[in-house]
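Novice: need coordinates for the below:
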Amino acid sequence: MNRDPAEDDSQDGQRATRRALALALLCGAAGATVVLIASGQTWGEAEAAMGGVELPVTASGGDVSGLSSALALVGLASLVAVFAVRRTGRMVVASVLALSGAGAVGAALLGSGDTEALESRAAEAMGLTEASVTSVSHTGWPWASAVGGLLLLCAGLLALSYGRHWPAMSGRYERAGTRRVSRRPDPDRPEDMWRALDRGEDPTT
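Specialist: Residues are numbered from 1 along each chain as shown. Predicted coordinates for the structure are as follows:
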């Protein structure tokens, strides 16, 4: 028995749409989680030096820039909102998701070699407005944050490419024939009379 090529193409398209949906959810959730975790980790380490005294200081991703974590939250909210809107609104939200990921990547790359946060921490440790730092080193967490941002970007690009075919949250409530149709209460059925009274209706009219 020969199969209809159009039917095969339709099934292949549906499978590709489902795979894109699952991949976007995975990338978006994982990317936001990685960026948020990385922002709380140590990005830079150094020694604060002043008058022959040296103290170790560290700077977290949040110290370097709060932009990464903020963009991760925006991206996570956009990932959820993609399924709450349709048509043009979905494309707008998907664009915000992609831009959040791109911004998180940029913030991580800029922060990977930052020393201002370490100098600020050194000044706090020394109780001075200015303090020099030596033996500066950076960890791999900025790069982990960049990977998380890249995952968010991928989720946004998938939403832009396939989002118009994804279901919406409210879709199951808008099927034809599911709307409740109120009927006039039957005076011979006591349960109908009580339901009408519960709704604030006058069952005698």
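
Novice: which residue packs closest to the spatially most central residue of the chain, ignoring adjacent ones?
Specialist: By Cα atoms, centre = their mean, the chain has its centre lying nearest to residue 76, at 1.3 Å. Leaving aside its chain neighbours, residue 76 sits nearest to residue 32 (4.1 Å; criterion: Cβ to Cβ, 6 or more residues apart in numbering). All C-beta atoms are positioned from the backbone trio N, CA, C, and that covers glycine.

Novice: could you do residue 111 as well?
Specialist: Nearest one to residue 111, counting by Cβ to Cβ, 6+ apart, is residue 64 at 4.1 Å.

Novice: distance of that neighbour relative to residue 168?
Specialist: 38 Å (Cβ to Cβ, to the nearest Å).

Novice: quick one, which of those two is more surrounded?
Specialist: Neighbour count, other Cβ atoms under 10 Å: between residue 64 and residue 168, residue 64 has more, with 28 against 16.

Novice: quick one, what contacts that one?
Specialist: By Cβ atoms under 8 Å, 6 or more residues apart in numbering, the contact list for residue 64 reads 43-44, 111, 114, 116-117, 142.

Novice: what are the boundaries of the strands in the protein?
Specialist: 42-50, 53-60, 132-138 (DSSP state E).

Novice: deepest of the ones you listed, which one?
Specialist: Across those, averaging neighbours per residue (mean count of other Cβ atoms under 10 Å) puts strand 42-50 on top, at a mean of 20.

Novice: that one pairs with which strands, and in what direction?
Specialist: strand 53-60 (antiparallel), strand 132-138 (antiparallel) (DSSP bridges).

Novice: now the spatially closest residue to residue 115 that is not a sequence neighbour: how far from residue 44?
Specialist: Leaving out its chain neighbours, the residue that sits closest to residue 115 by Cβ to Cβ, 6+ apart is residue 136, at 5.9 Å. Counting by Cβ to Cβ, the gap from residue 136 to residue 44 is 7 Å.
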